[in-house]
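**Student:** Sequence first, predicted coordinates after that:
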Amino acid sequence: MTGSPELDAVIARFDPADPAFLADPYPALNAVREATPGFWNQRTGQWTITRFADVQETLRDRRLGRAYTHRYSHAEVGRPEPDPRWAAFHQHEQWSLLCLEPPDHTRIRRLVSKVFTPSAVARLRPAIEGFSGELLDRCADLGRFDLIRDYAQPYSVAVICSMLGVPREDTQLLLDWSHAIVKMYELATPEEQQVAANRAAAEYIAYTKELIATKRRAPDDLLVSELVRVEDEGDVLTEDEIVSTTMVLLEAGHEATVNTLGNGVRALMLHRGEWQRVVGGEVPAKVAVEEMLRWDAPLQLFERWVLEPGVEIAGQPLEVGQEVAMLFGAAERDPRRFDDPDRFDVGRGDSAHIAFGGGIHFCVGAPLARQELEVSLAGLAARFPGLHLDGTPEYLPNFVIRGLDGLRVEA
Ligand code: HEM
């Protein structure tokens, strides 16, 4: 409660439990951003910030971190111990880049980033075009298809599996595990989904350990083998670190890419003039994907813990152990940063949005994701210039990870 009934009413519109909010969160996100740069989310206890400049600054502020356990015990920051029922889930992410801070983060990120440099990713282009072309051929045969299930999911999993050296026939297994596990990152997860996520994490860990054993016996030149083999300036990765690293790449490596394609192609189908600008070649696919990333953010919220005293964000002094939530969807439509921000303008040509984050956790897979998106959009526009919606696409009932349940289209 802020003491102002008007402001409280605007803040109340930010309600990730409300299906109407999830279907189109932008009117509420815009309203809350214009009413205030920050508010306490009573349900989660998070100081929640709404504006681009504050989000960008917070992402880069080293006095905050994605984790606090490298500095403080749970008791010291007044947080409960992790629930032992979800031990496998916690184990799976323990050494994930997304749960680490320096120095462990620096050590593991240095190893992983080598594989994702723009030049390393450019070398993958022919293989990526091959996966895309193969799937688009199948879509052409179908005539009517679901862009998510028939194209985006098998495509992005094939790409990341081929980089890691994971057998392609395991794609469905990985997709099922990943979908179950990422439910844990929503603001509130029902218990049955937590049980399913933990089970999936346990199976995923067993699978990855087996994969590592296989690579030890028969190494190849792909990433998992590389991690097994690595001795970088004296660093050796433990098996648990390899398990978490492999798993975060598989998870992070496809969910957001699939959802960007789904959300972005939906936007193009609803803005025919913008689709025509891509089809006609006025706007290159490489440029248009930046607007797809900005306009309907596939990842709507990220969190940080305050690690140092004296931090103040969006006018609010914060104590060590308090949590900040950054509303990416609100920030990406901030008129202080983007002209006419609600307008979907494929020619905007602004790649300095925050879809890939900022600071030390900036998305290590951004060059790969951008290439995957560009190849897909160029392929779709060239093959199916008359592509249109077949029915009304529905969003999944999640907030943090925003994506469509399916995207039925007709060529
Ligand atoms: C459109 C697709 C993608 C989007 C929008 C996206 C977005 C993001 C964002 C916002 C972060 C930072 C999170 C934070 O600061 O709290 C991040 C981190 C990360 N992303 Fe991505 N990502 C995408 C694709 C990928 C791909 C294809 C990969 C891997 C192949 C990947 C791997 C990672 C990893 C490992 C991190 C953690 C980096 C670190 O903590 O140092 N992402 N991503």
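**Tutor:** In hand now; what should we look at? In this text the structure is predicted, and so the values were computed from the model without any measurement.

**Student:** make it CA atoms for all contacts and neighbour counts henceforth
**Tutor:** Will do.

**Student:** Would you tell me which residues of the protein are close to the ligand?
**Tutor:** Counting by Cα under 6 Å from any ligand atom, the chain comes close to the ligand at 97-98, 109, 160, 248-249, 252-254, 256-257, 260, 298, 302, 355-357, 360-366, 368-369.

**Student:** and the closest residue in space to residue 128 that isn't next to it in sequence, how many residues sit next to it?
**Tutor:** Closest residue to residue 128 apart from its sequence neighbours, by Cα to Cα, 6 or more residues apart in numbering: residue 159 at 6.4 Å. A count of nearby residues for residue 159, using other Cα atoms under 10 Å, gives 25.

**Student:** Make sure residue 159 is indeed in a helix.
**Tutor:** Yes: under DSSP: H, G, I helix; E, B strand; the rest coil, residue 159 sits within a helix.

**Student:** my read: it touches residue 131, true?
**Tutor:** Yes: at 7.5 Å, residue 159 counts as touching residue 131 under the criterion of Cα atoms under 8 Å.

**Student:** Mark which of the residues of the chain next to the ligand are part of strands, please.
**Tutor:** Residues of those located in strands (DSSP state E): residue 302.

**Student:** Show me which of the residues of the chain next to the ligand are buried.
**Tutor:** The neighbour count (16 or more other Cα atoms under 10 Å) marks 97-98, 109, 160, 248-249, 252-254, 256-257, 260, 298, 302, 355-357, 360-361, 363-366, 368-369 as buried among the residues of the chain next to the ligand.

**Student:** any idea of the pLDDT on the residue nearest to residue 128?
**Tutor:** For residue 159, the model assigns a pLDDT of 93.

**Student:** Would you check how far apart it and residue 247 are?
**Tutor:** To residue 247, residue 159 is 15 Å away according to Cα to Cα, to the nearest Å.

**Student:** any low-confidence regions in the stretch 101-250 of the chain?
**Tutor:** 231-235 (pLDDT under 70).

**Student:** Spell out the residue ranges of the helices in it.
**Tutor:** 104-113, 118-123, 125-142, 153-164, 171-181, 191-217, 223-229, 239-252 (DSSP state H, counting those that start in this stretch).

**Student:** mind saving the C-alpha coords of the shortest one as CSV?
**Tutor:** Only the C-alpha atoms of helix 118-123 are listed here, as CSV (Å, rounded to 0.1, in the frame of the first residue of the first chain):
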residue,chain,number,x,y,z
PRO,A,118,30.3,-13.9,-32.9
SER,A,119,33.0,-15.6,-35.1
ALA,A,120,32.4,-19.1,-33.6
VAL,A,121,28.7,-18.6,-34.1
ALA,A,122,29.1,-17.4,-37.7
ARG,A,123,30.8,-20.7,-38.5
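
**Student:** Name the surrounding residues that touch it.
**Tutor:** 114-115, 367-368, 371 (Cα atoms under 8 Å, 6 or more residues apart in numbering).

**Student:** mind redoing it with 6 Å?
**Tutor:** Identification of contacts with helix 118-123 by Cα atoms under 6 Å, 6 or more residues apart in numbering yields 367-368.

**Student:** can you check the fifth one too?
**Tutor:** Residues outside helix 171-181 that contact it (Cα under 6 Å, 6+ apart) are 197, 200, 251.

**Student:** Check the residues you listed against residue 324 and report the nearest one.
**Tutor:** Checking these against residue 324 by Cα to Cα gives residue 251 as the nearest, at 23.4 Å.

**Student:** ok, now which ones touch the closest one?
**Tutor:** residue 178.

**Student:** I'd like to know how many residues surround residue 176.
**Tutor:** Neighbours of residue 176 (other Cα under 10 Å): 11.

**Student:** Helix, strand, or coil at residue 325?
**Tutor:** Judged by three-state DSSP, the three-state class of residue 325 is strand.

**Student:** mind listing what it touches?
**Tutor:** Applying Cα under 6 Å, 6+ apart, we find residue 325 in contact with 46, 48, 302-303.

**Student:** if I look at it, how far off is residue 50?
**Tutor:** Distance from residue 325 to residue 50, by Cα to Cα: 9 Å.
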